[in-house]
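J.: Okay, here's the prediction I keep looking at, along with the sequence it came from:
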Amino acid sequence: MKIQYSLLKKEENTNARLGKIKTNYGEFDTPMFMPVGTLATVKTLSPEELKNVNAGIILSNTYHLWLRPGEDIVNKAGGLHKFMNWDGPILTDSGGYQVFSLANKENITEEGVPFKNHLNGDSLFLTPEKSIEIQNKLDSDIAMSFDECIGYPAEYDYVKNSVDRTLRWAKRGKDVFNNENQSLFGIVQGGVYEDLRRHCAEELVKMDFDGYSIGGTSVGETKETMYKMVEMSTKYLPENKVRYLMGVGDPIDIIENVIRGIDIFDCVSPTRLARHGHAYTKYGKINIKNAKFKDDFSPIENNCDCYACKNYTKAYIRHLITCNETLGSRLLSIHNIRYLIRLTEDLRKAIKNDNIIEYKEEFKRNYYGKEN
RNA sequence: GCGAAAUUGGUGAAGUGGUUAACACGCCGGAUUGUGGCUCCGGUAUGCGUGGGUUCGAUUCCCACAUUUCGCC
């Protein structure tokens, strides 16, 4: 079956929404933060650890799994869930972000996008049809349309042409889509231009996707610009379908965009920051490598319910990170992911209580205020 | 006891008779938003063993001393 989104409640004072998504691999509440597992693993975490941080759904990547191990291997294993031993929902990104991060923009054609395999230099060509075909085989719960993630800044004419092409790609992907247990999302692009965001959203809605996402944000613009891009996109999306904001995961951005009606987020930062020694806390981000933590035998956060905080001290984790021990990355990843997921849990409570603005103000006072 | 070589930051070290003493590691900070995991960007010796001397000027040349290493008794 397709995913089923239920809108349970709207917050009184903002566009924030409480919802539930049912999938073939269980259900989860929204707003929700989705940890990133590009290569069919959330780096350093086992599926059991992902369960323990309350991850409702994880994200994986079409482009990277296409190169290694190849979609046929995953398919032969019985699909991505069985392959990686994760029995919760999975969303696969289409490779659209790799158009932005790995491909040469000048080489994009109507047909698709040429890539150089970063592992062995082979010439590759990804098309909307190919991306969908790979995702059908990976058998994720939610597949994404193949799009061009546009950078910032970008000229109006470039964005206009790109959006129209992304719409044609969305249609082409939808036409070949063939997996009744999988859902397909369209991606709203359009840069900073409201008429283009609107055009893109409206055309996607006409095509009737199972859900919609907003792309082309967090590519170098200011936070205020990002929030505007989200506003000018959600405005034209139907209330009865889920909305996913791609690549956004800074705590304050999650709050601001939940307020603007976003249901799902994903971001590499909790795990990447963890590998580089950073941890989110109520009072801002800390760098565990700082000398001041050398003999700090308290947990990262006193009231955190994560495995790392319940069992380990900052001094010990600092030591592990300093020595490049993987347990350090793992403990910080567990903490950071749990932090963001708990943030979405708190936001759900705030939506129930209709006090999300107050929640945001208090959060900002703590997060940006003076430490301790 | 005799002879030789060496002595530069936390470490390994490069280097020059004349503005700010290379580089690497470490250390101290910072960055990181649909992941090309262990990356990127800053900062880090007011001083070149100690004391003299030569010189306009010495970390660089000379002398003495100290320390270390190697060889020979």
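T.: Looks like it arrived, so ask away.

J.: Please identify the nearest residue in space to the residue in the stretch 1-150 of chain A that RNA strand B sits nearest to, excluding sequence neighbours.
T.: Proximity of the stretch 1-150 of chain A to RNA strand B (CB to the nearest atom of the strand) peaks at residue A:149, 2.1 Å away. Every residue, glycine included, has its C-beta placed from N, CA and C. For residue A:149, the nearest residue in space outside its immediate sequence neighbours is residue A:100; the separation is 3.8 Å by CB to CB, 6 or more residues apart in numbering.

J.: For that neighbour, give its distance to residue A:60.
T.: Taking CB to CB, to the nearest Å as the measure, residue A:100 falls 18 Å from residue A:60.

J.: Then residue A:206?
T.: For residue A:206, the distance to residue A:60 (CB to CB) stands at 29 Å.

J.: More neighbours: which of the two?
T.: Comparing residue A:206 with residue A:60 by neighbour count (other CB atoms under 10 Å), the higher total belongs to residue A:60, at 25 against 11.

J.: which ones are touching that one?
T.: Contact partners of residue A:60, counting by CB atoms under 8 Å, 6 or more residues apart in numbering, are A:37-40, A:80, A:90-93, A:138, A:140.

J.: hang on, isn't residue A:336 packed against residue A:276?
T.: No: contact criterion CB atoms under 8 Å: residue A:336 and residue A:276 do not qualify, at 10.9 Å.

J.: tell me, how many neighbours does the closest residue to residue A:182 other than its chain neighbours end up with?
T.: If you skip the residues right next to it in sequence, residue A:182 has residue A:143 as its closest partner in space, 5.5 Å away by CB to CB, 6+ apart. Applying other CB under 10 Å, we find 27 residues neighbouring residue A:143.

J.: Residue A:143 contacts residue A:93, doesn't it?
T.: No: Residue A:143 is beyond contact range of residue A:93, at 9.1 Å (criterion: CB under 8 Å).

J.: and the stretch 151-300 of chain A, which of its residues are near RNA strand B?
T.: A:187, A:213, A:215-219, A:223, A:246-250, A:253, A:266-269, A:271-273, A:275-278, A:285, A:287, A:289-292, A:294 (CB under 7 Å from any atom of the strand).

J.: From those, list just the buried residues.
T.: Buried positions within those, assessed by neighbour count (16 or more other CB atoms under 10 Å), are A:187, A:213, A:215-219, A:246-250, A:253, A:266-267, A:269, A:271-273, A:275, A:277-278.

J.: Return the set of residues that bridge with the residue nearest in space to the middle of chain A.
T.: Against the mean C-alpha coordinate of chain A, by CA atoms, centre = their mean, the closest residue is residue A:266 at 1.6 Å. Bridge pairing for residue A:266 (DSSP bridges) gives the partners residue A:34.

J.: where's it relative to residue A:198, distance?
T.: Note on residue A:266: its distance to residue A:198, by CB to CB, is 24 Å.

J.: and the helix or strand harbouring residue A:348, which residues are buried?
T.: For residue A:348, the enclosing helix or strand under DSSP states H and E is helix A:326-352. Applying a neighbour-count criterion of 16+ other CB under 10 Å, one finds A:328-345, A:347-348, A:350-351 buried in helix A:326-352.

J.: wait, does it contact RNA strand B?
T.: Yes: using CB under 7 Å from any atom of the strand, we find that helix A:326-352 touches RNA strand B at A:326, A:329.

J.: Figure out how far that helix is from the centre of its chain.
T.: 14 Å (CA atoms, centre = their mean, to the nearest Å).

J.: Stretch A:238-252 now?
T.: The chain centroid and the centroid of stretch A:238-252 are separated by 8 Å, computed with CA atoms, centre = their mean.

J.: Span of it from start to end?
T.: Using CA to CA, to the nearest Å, the end-to-end distance of stretch A:238-252 comes to 25 Å.

J.: Ramachandran coordinates for residue A:123?
T.: Geometry field for residue A:123 lists phi and psi as phi -80, psi 130, criterion degrees, to the nearest 10.

J.: What is the burial count for it?
T.: That count, for residue A:123 with other CB under 10 Å as the rule, works out to 8.

J.: buried residues in the helix or strand that contains residue A:315?
T.: Element membership of residue A:315 [criterion: DSSP H and E] is helix A:314-322. Using 16+ other CB under 10 Å as the burial criterion, the residues of helix A:314-322 that qualify are A:314, A:316-318, A:320-321.

J.: can you list those residues in JSON lines and add distance to residue A:367 and pLDDT?
T.: Below are the buried residues of helix A:314-322 laid out as JSON lines (distance: CB to CB, whole Å; pLDDT from 0 to 100):
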{"residue": "A:314", "distance to residue A:367": "18", "pLDDT": "97"}
{"residue": "A:316", "distance to residue A:367": "25", "pLDDT": "96"}
{"residue": "A:317", "distance to residue A:367": "21", "pLDDT": "97"}
{"residue": "A:318", "distance to residue A:367": "22", "pLDDT": "96"}
{"residue": "A:320", "distance to residue A:367": "25", "pLDDT": "95"}
{"residue": "A:321", "distance to residue A:367": "22", "pLDDT": "95"}
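
J.: Quick check: of the residues you listed, which lies closest to RNA strand B?
T.: Using CB to the nearest atom of the strand, residue A:318 comes nearest to RNA strand B of those, at 8.7 Å.

J.: Alright, I will stop here.
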